[in-house]
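Visitor: whatever this is, show me its structure:
(4 chains, ligands or ions: 4)
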4 protein chains.
Amino acid sequence: MSRATASPQTARQVPPDILPQDDPYYLEESLFAVRDRTLSLVKGLSDADATVQSMTDASPAKWHLAHTTWFFETLILVPFLKGYRPFDDTYGYLFNSYYERIGDRHPRDRRGMLTRPSLDEIRAYRAHVDAALGKLFSTRLPNSETVDLIELGMHHEQQHQELLLTDLLHLFAQNPLSPVYRMIKPGHSHEPARTDQSAVVWHEYEGGLCEIGAASDGFTYDNERPRHSVHLAPFSLADRPVTGGDWIRFIEDGGYDNPLLWLADGWALVQQENWRHPIYWRQCEGVWKAMTLGGLLPVDRSAPVSHISYFEAAAYAQWAGARLPREAEWEMAAMRLSGNAVKTANFLESGTMRPDALRAAADRQHQGPRQMFGDVWEWTQSSYCAYPGFKPLQGAAEEYNGKFMCGQFVLKGGSCATPRSHIRASYRNFFYPHQRWQFSGLRLAKDL
Amino acid sequence: MSRATASPQTARQVPPDILPQDDPYYLEESLFAVRDRTLSLVKGLSDADATVQSMTDASPAKWHLAHTTWFFETLILVPFLKGYRPFDDTYGYLFNSYYERIGDRHPRDRRGMLTRPSLDEIRAYRAHVDAALGKLFSTRLPNSETVDLIELGMHHEQQHQELLLTDLLHLFAQNPLSPVYRMIKPGHSHEPARTDQSAVVWHEYEGGLCEIGAASDGFTYDNERPRHSVHLAPFSLADRPVTGGDWIRFIEDGGYDNPLLWLADGWALVQQENWRHPIYWRQCEGVWKAMTLGGLLPVDRSAPVSHISYFEAAAYAQWAGARLPREAEWEMAAMRLSGNAVKTANFLESGTMRPDALRAAADRQHQGPRQMFGDVWEWTQSSYCAYPGFKPLQGAAEEYNGKFMCGQFVLKGGSCATPRSHIRASYRNFFYPHQRWQFSGLRLAKDL
Amino acid sequence: MSRATASPQTARQVPPDILPQDDPYYLEESLFAVRDRTLSLVKGLSDADATVQSMTDASPAKWHLAHTTWFFETLILVPFLKGYRPFDDTYGYLFNSYYERIGDRHPRDRRGMLTRPSLDEIRAYRAHVDAALGKLFSTRLPNSETVDLIELGMHHEQQHQELLLTDLLHLFAQNPLSPVYRMIKPGHSHEPARTDQSAVVWHEYEGGLCEIGAASDGFTYDNERPRHSVHLAPFSLADRPVTGGDWIRFIEDGGYDNPLLWLADGWALVQQENWRHPIYWRQCEGVWKAMTLGGLLPVDRSAPVSHISYFEAAAYAQWAGARLPREAEWEMAAMRLSGNAVKTANFLESGTMRPDALRAAADRQHQGPRQMFGDVWEWTQSSYCAYPGFKPLQGAAEEYNGKFMCGQFVLKGGSCATPRSHIRASYRNFFYPHQRWQFSGLRLAKDL
Amino acid sequence: MSRATASPQTARQVPPDILPQDDPYYLEESLFAVRDRTLSLVKGLSDADATVQSMTDASPAKWHLAHTTWFFETLILVPFLKGYRPFDDTYGYLFNSYYERIGDRHPRDRRGMLTRPSLDEIRAYRAHVDAALGKLFSTRLPNSETVDLIELGMHHEQQHQELLLTDLLHLFAQNPLSPVYRMIKPGHSHEPARTDQSAVVWHEYEGGLCEIGAASDGFTYDNERPRHSVHLAPFSLADRPVTGGDWIRFIEDGGYDNPLLWLADGWALVQQENWRHPIYWRQCEGVWKAMTLGGLLPVDRSAPVSHISYFEAAAYAQWAGARLPREAEWEMAAMRLSGNAVKTANFLESGTMRPDALRAAADRQHQGPRQMFGDVWEWTQSSYCAYPGFKPLQGAAEEYNGKFMCGQFVLKGGSCATPRSHIRASYRNFFYPHQRWQFSGLRLAKDL
Ligand SMILES: [Fe+3]
Ligand SMILES: [Fe+3]
Ligand SMILES: [Fe+3]
Ligand SMILES: [Fe+3]
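Guide: Numbering: from 1, shown residues only, chains lettered A, B, ... in the order given. Ligands and ions are numbered 1, 2, ... in the order given. Prediction:
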């Protein structure tokens, strides 16, 4: 085994972090559960692991730890905790991400230059802010404004938990030693009984008028609101995501060589960057392997393929004689699933750290497509845009979502790196079509 | 007067090119009217004017002349005219734009290197192909396949007519001498009686289910089809486009300095490329002037502002407390206008070569928003994507539209550089949000 | 034959332009001979040929015509011809190349955007300035200041004559039609009697103290002055330049694949730009061809290889177990040749428009290396720098040479595109090590 | 004080590392002194500090530690220590810098991605290799081949000691917290008695034939050999380097605004990168400060200015009516100094970590220019090139110096970050003219 890993933790199943909102201990318990979860993710990382930035799209783990803390300090403690003094006057500049209203900030592409403050100093920063948040709870009842902001802060931090993992995977994938973040069991690809050749089963939907977007109860982001009507033509949806085995067939059939399968901008990129396979795959003596949070492992042919760009997803769909689902199609189908679909899904808490093999039983019982939630974010063909009547958050968080509504596509359902309590059918993730470093995959759809 | 212009033609009103499809002379007459129109556009241009490529997005006038000819030669003459021999074996390589299925091609960004063949040789190429097309008509009745392809070729050529003008304007705008393409009257900006301060009047629409997309009669592109239902929330639409005067107020109010007005990607561009005003504007001794096809002229405060990117349009809308319309909103409103709206619009045939000042009368009578058609393409907030059930053209033209459905936004209504017979309410133009060299402007919308 | 060439002139031998300085008609006759020569070079070029800029390093032919004219107008007519008015007030901005002292200028990389003024307008500009120069001669005797400036202007224009040709060749090489500028006879490569296998003969030099740099008589540039002593170790010099045949052997021996032959910066470029052969070479069905001013012709194995970068030259020398000569070595050897060496060399006047095959007789009689002058500029390993006591020209021409003394290497001897009267042993040409579009080749040297 | 520094060491004076070659304990003692010195330089650095790469030109401290160790392992232990096994099979790939002959390597611009192996693992690597080197000494007497390689390895490691410091300074300069590497006393700029206004005194040299390059005794690099004759014109040399105070006057006189002072390539860079002052300077409330290894400190007006590019140095010289010295001029003047000039110079051992203020006494006694050695590397106007008769090292180290002889300029004399035993008059350092992150300054020269 490579000496590159000091002491990788073994991945394991852990309880969810955010309690249901009708639980009396909801807010305070949930907040600190989320905060602790973030810290637990950096266990085993060195100061250096937590400091280096592997590309502009990614941020150092240390930066994620600090930025999520700055968010609470800036939006909650400074305005609402009497007498609170920021931990360090320079941190506002260092850890503001993109809030023009709040002030100047360190350039995004220079986040990896910050070898100081150290990981330990950032841990101290977190402890300081957590203590102050505890004090806030103990000294006065949160009013609706602070409740809203604390909830926003928790969900914001959950988003960064996933990013911390995807950014770390990207960093480790740059290292020829293929370091192991968490020990995970090798996949099923060599188990003869399992097969990835399960034919796709198509679930049909009659379409018509339906409602999508956030229903009123529980936390949601501004970009999921308001709930509104859309009209859908009849369509069908594959009962399972596209798998590693499917993708190998796509490659072997010349998928990366045939311009007619690709969007024009995608094909330009395929040629310019010489894409021949998913970003983390490499062929080692005839075997397809993929860099994962468990190091370099054989591609699991029976698990959803991951780290796929929109361009690749669209080319695959074209090759398969199908298309990507629209956001409203996906969301409508997901709304029809039982609550069990989320509960049994492969989220961060499962500790698998990668997509599960196709599962037969659990989802089948409620008669809908399998593995809509968890495993991999599923690209839709819908551009990320404002819903009719969209109103951004007021105040400092105004810029949270709205200013990114250009050039990105919506992904749905969460992944094996997303906290379970973060996800719902109306949840809208979004990335640019060329981006490949997320736990992103796809499910096919068809017109009827 | 600058010596830069050898002999600019004076712009004047000309009849439309494509006849109504129920006219017995429709096809043949229309075809040659379109072909002649293209040639007329390069009158007065030198060989050099027609050869230089001013940026990758633009193509030389000579290339447009040749490419539209290659389109007829390749899709119609070679397969359908017995014994036809291509004019020159090298032209397929030189003048294929982006059809992977048809074959290799000269790189797009190198089109300006082709000082040979000369403009005269390309004129000879056109004459050769036109003669062969005439022969095709005389020797056999066009069947439905060739009719479809000829119609496609005509509309394709109309698209390139507009591009020829926008690309030429971009080229001339790079020249410190500000050459004049066509003499046009100076704008109304100094006429005291006219004012651009006309308050926006809002037309209200109740929304609900409606149908958009191409109805069955007449030529349409594949991307306009099929007609389908969409559900719209109630909204209102400004009765007029945003004007040059509006834009001066936006600038003077710090529009290009305030990040909170801009999409994130737009703001990055504003800073990186130091955008301070529309691309063709410059301030000369306190007066805003704009480079036009008539040379450098004072900005017309009462005419629709033009050559605006999506990023700028979206920032303006934010500043104005409004938003850009959705494509379906715009199209639904346009469908309610009388046929007069198209007939009286300021299209290429008017010869104005730039947007007209706000007009009061004509459109008012049919009680809808003014100047929806012509003058400037109007940005919508809708990404350019496939309609439900979209089927690309079959055969060589399969790549015509579909492979560009990523990252672009829809524009509606045509411009002062668009042939009148090219436009209908369902027509979908599309450009990237950063692109500024088209006759693109905007009209505001609001949620109700 | 390709239709790409309207009417290429046939290349032919013409008399030199600048008379000996002791000839009574020297100055006036020479001046107009030079001016006419420049015009003769653009015969047969279209307006487009003369307008397009194929890369930043190159300039359009029209720009060369105008810039050399602007040079006389600005440095001589405006200060010295009473009542002279510039032909056009905008030309100073358009045609100043790099003289910061003189004023602002059109960006170098945008020279190809100037479709106006046309080639004909530039011809009129030249005629206007030539008439004014004639008037200058007729109205007063030139004093030493104007004589110096007129001489500078003539030699400046000769430099641009060569650049006009190299830039045009680069432009035509971008065109898949491989246009012909001048008809030239095919090379000797297929003539069985001629061979390129002539072994290199080494001329030995004892070294020691010697003088290089410009002697006092006749026109020289500031960068050739002052004449000064250098000390040379013993060395030997190849009696002939490296030929096309030599270069094919270098390629076939893996010259472009072996990093150990290359300077580090050169090897980086080889990989980045995928250099596999000289810039204008291509392999057509097993035959090496090269783009020349006579179109695409078979590589002449017996002629000096041309259009070689310093990086390639240095790699070849390493491969051959030799090195490039130092400037002082080359110059010292050249000074020992008889005047015949220049007179019989293959310069622009010969009309060959490309390097001649190795010649046996002419140079041999004076017992020195062959073809030191003409054919190809020969790279030396000497950086272009100031000689001890270097003084730049005073006045507007101060920036002529000095500010380029960084990062470039000296080339000696002139080429088949250099006017004969432009060259002398002390002449210093200079280019960056990556540049490949000049008529540049090499001759080997060795330590003794 | 900033929290950015965990525990910066206080800089202090330490003994030199490499003993004189006639000392019986020379080789073994010197070797381990050098090895220990390198380790001592990273005291106080965190794993992250030692891992991040701030630009392609710089390398992480950890990489320097490992690469210098790989050098001994690969060139000495593997071929000469029987039974030696490399510490880790992957390290050859990771820590080879640029030796094509030895094998493939990790891309230079990706060195900062290697968060693993950790700093502690690299320390273990060093210990392993040091133990094996000790064993090599104990088991057999080094022969002349291994002595040569061990000497090369020591001097190679000294080079990397300086680079480690310059690269670390560049990294820390990217951090808005301005971390302190070693506590150093603030400069003399505020001490009223000291002045930087000392006029330059010019030392005159008669020139003529002289010898430069390495004399035979002691270790020297291949690029210093062979000693050879050069002829020099009479010149004078300033008795002191240009100071911080001088540079402030240059700035205040518009030095960065006047194109006529700059080389053309330098001026392009000044505009493109908006150079307004030396790279590590910034103006804080009217006071010029500079980032140093001791953090952000006021500019010392009386100390040599440092971190100056060749372009800046040449512009300054132009402004001052002087020029940069030639390498041979500098070397000849340095050879005339007494041995005391090196002994009393401000090298790494002094622990100052930055240039000393002008010193009056020490050097004066031997009647030559002051502070030729130490403080700052002094740019010469001489391109880095091969001496006549240059022979690269044989074997694996062949690529050490020769392949960089293109586009760089020679610097002489060593700096406050150079180990004393590393420097001699013939020593040739070399960098590109745009590079600014070295301890590089200048001394003026003039023609007589
Ligand atoms: Fe955030
Ligand atoms: Fe087209
Ligand atoms: Fe010039
Ligand atoms: Fe090294």
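Visitor: going by C-alpha atoms from here, please, whenever you check contacts or count neighbours.
Guide: Noted.
Visitor: dump the residue contacts of the residue of the stretch 301-448 of chain A at minimum distance from chain B.
Guide: Closest residue of the stretch 301-448 of chain A to chain B, C-alpha to the nearest C-alpha: A:Lys403 (4.5 Å). Neighbouring residues of A:Lys403 by C-alpha atoms under 8 Å, 6 or more residues apart in numbering or on different chains: B:Trp262, B:Leu263, B:Ala264.
Visitor: retrieve the pLDDT associated with the closest residue to A:Val180 other than its chain neighbours.
Guide: Among residues not flanking A:Val180 along the chain, A:Gly295 sits closest, at 4.4 Å (C-alpha to C-alpha, 6 or more residues apart in numbering or on different chains). Model confidence at A:Gly295, given as pLDDT, is 97.
Visitor: A:Gly295 and A:Asn175, how far apart?
Guide: 11 Å (C-alpha to C-alpha, to the nearest Å).
Visitor: A:Thr380 - that's part of a strand, no?
Guide: Yes - the assignment for A:Thr380 (DSSP: H, G, I helix; E, B strand; the rest coil) places it in a strand.
Visitor: residues in contact with A:Asp36?
Guide: With C-alpha under 8 Å, 6+ apart, A:Asp36 has no contacts at all.
Visitor: which is the succeeding secondary structure element to the helix or strand hosting it?
Guide: According to DSSP states H and E, A:Asp36 maps onto helix A:26-41. Following helix A:26-41 in sequence order, the next helix or strand is helix A:61-72 (DSSP H and E).
Visitor: which elements pack onto that following helix?
Guide: Under the contact criterion of 3 or more C-alpha pairs under 8 Å, 6 or more residues apart in numbering or on different chains; DSSP states H and E, helix A:61-72 touches helix A:91-95, helix A:119-139, helix A:144-173.
Visitor: A:Arg116: neighbour count?
Guide: Residues contacting A:Arg116 under the criterion other C-alpha atoms under 10 Å in any protein chain shown number 24.
Visitor: and it, how far from C:Pro355?
Guide: Distance from A:Arg116 to C:Pro355, counting by C-alpha to C-alpha: 62 Å.
Visitor: those helices in the stretch 201-350 of chain A, which residues are they?
Guide: A:244-252, A:264-272, A:310-319, A:327-335, A:340-343 (DSSP state H, counting those that start in this stretch).
Visitor: can you name the residues in contact with the first one?
Guide: With contact meaning C-alpha under 8 Å, 6+ apart, helix A:244-252 is reached by A:196-197, A:276-277, A:299-305, A:316, A:319.
Visitor: got it, and the third one?
Guide: By C-alpha under 8 Å, 6+ apart, the surrounding residues in contact with helix A:310-319 are A:250, A:255, A:261-263, A:266, A:323-324, A:379, A:409, A:432-435, A:441-442, A:444.
Visitor: repeat the analysis, applying 7 Å as the threshold.
Guide: Under the contact criterion C-alpha atoms under 7 Å, 6 or more residues apart in numbering or on different chains, helix A:310-319 has outside partners A:Leu261, A:Trp262, A:Leu263, A:Gly266, A:Arg323, A:Leu324, A:Trp379, A:Pro433, A:His434, A:Leu442, A:Leu444.
Visitor: could I get those residues as TSV with neighbour count, pLDDT and distance to chain C?
Guide: Listed next are the contacts of helix A:310-319 as TSV, based on neighbours: other C-alpha atoms under 10 Å in any protein chain shown; pLDDT from 0 to 100; distance: C-alpha to the nearest C-alpha, whole Å:
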residue	neighbour count	pLDDT	distance to chain C
A:Leu261	21	97	28
A:Trp262	26	98	26
A:Leu263	22	98	27
A:Gly266	24	98	23
A:Arg323	21	98	37
A:Leu324	25	98	37
A:Trp379	31	98	35
A:Pro433	23	98	27
A:His434	16	98	23
A:Leu442	32	98	35
A:Leu444	27	98	39
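Visitor: now, which of those residues lie close to chain B?
Guide: Counting by C-alpha under 7 Å from any C-alpha of the partner chain, A:Trp262, A:Leu263 from these sit close to chain B.
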